[in-house]
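In: Below is the sequence, then the predicted model.
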Amino acid sequence: MMLELYRTRVRKIDRRTAAKVFRQLRIKQWKTGRDALFKTLDEHGYDQADLVLCLLQINTPKAVQHAEMLIGHRIEHCPPVYKWRPLPVNVLDRKIIDERRVVRVQQDPRHKSGRPTWLRRYHLFKVGMSVGQLLRRGVTANDLRLVTKRGWVQLA
């Protein structure tokens, strides 16, 4: 439901950007006239937040400018905080020669007191994987020592 407050701001969006919005939202038929974008989005049940998100997905300078106009302040583009690196899956590392395999993985590991564990990399343990594969995927030697000592994972 579009708010009347945004009618004048939506009216300022040019036709090319409006056509990209309709294409992005998969709207096949739209109104024509002065408030075409506003009326069409209102009929299809979209609100101004949907319009802003759609404009940001279009990601052209004009679309971002219209999104800033709808929001009321500038949008800052910041570099990513975390550097994403995929996990090395099949990288052959000569240093890791441990060929022991995972035989058993406990489904819901718990401490002796009954409280559940919190292990960040426990989901990486799969039956049939070698220790070398686990280490290449991000499991640390300390994780291996801990889960085998507590009996949550059995190696052979």
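Out: Cool, the structure landed.

In: Which stretches in this protein count as strands?
Out: 102-105, 153-155 (DSSP state E).

In: So what's the gap between the first one and the chain middle?
Out: What that stands for is strand 102-105. Distance of strand 102-105 from its chain centroid, counting by C-alpha atoms, centre = their mean, to the nearest Å, is 31 Å.

In: just the last one next, same as before
Out: Strand 153-155 sits 32 Å away from the centroid of its parent chain (C-alpha atoms, centre = their mean).

In: That one - contacts with which helices or strands?
Out: strand 102-105, helix 141-150 (3 or more C-beta pairs under 8 Å, 6 or more residues apart in numbering; DSSP states H and E). C-beta here means a position set from N, CA and C on the backbone, and glycine is covered the same way.

In: The residue of the chain positioned farthest from its centre: what's it in contact with?
Out: Using C-alpha atoms, centre = their mean, the residue of the chain lying farthest from its centre is G33. It sits 38.0 Å away. Contacts for G33 (C-beta atoms under 8 Å, 6 or more residues apart in numbering) come out as K39.

In: show me where pLDDT drops low in this structure?
Out: 80, 84, 86-96 (pLDDT under 70).

In: Now do the helices in it.
Out: Secondary structure of the chain (DSSP state H): helices at 7-11, 15-24, 36-43, 48-58, 61-71, 131-137, 141-150.

In: Out of the ones you listed, which is closest to H111?
Out: Proximity of the helices of the chain to H111 was assessed by C-beta to C-beta; the nearest stretch is helix 141-150, lying at 8.0 Å.

In: how distant is that closest one from the center of its chain?
Out: On C-alpha atoms, centre = their mean, the centre of helix 141-150 falls 30 Å from that of its chain.

In: mind listing what's buried in that helix?
Out: 143-144, 147 (16 or more other C-beta atoms under 10 Å).

In: just the strands of the chain: most buried one?
Out: Neighbour counts (mean count of other C-beta atoms under 10 Å) averaged over each of those peak at strand 153-155, with a mean of 17.

In: hang on, the earlier thing: any idea how far the residue farthest from the centre of the chain is from H66?
Out: To H66, G33 is 19 Å away according to C-beta to C-beta, to the nearest Å.

In: Please parse this structure into its domains.
Out: 4-71, 102-155 (automatic domain parsing).

In: Next, format those as CSV and append distance to C78.
Out: Shown next, in CSV, are these (distance: least, C-beta to C-beta, whole Å):
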stretch, distance to C78
domain 4-71, 14
domain 102-155, 26
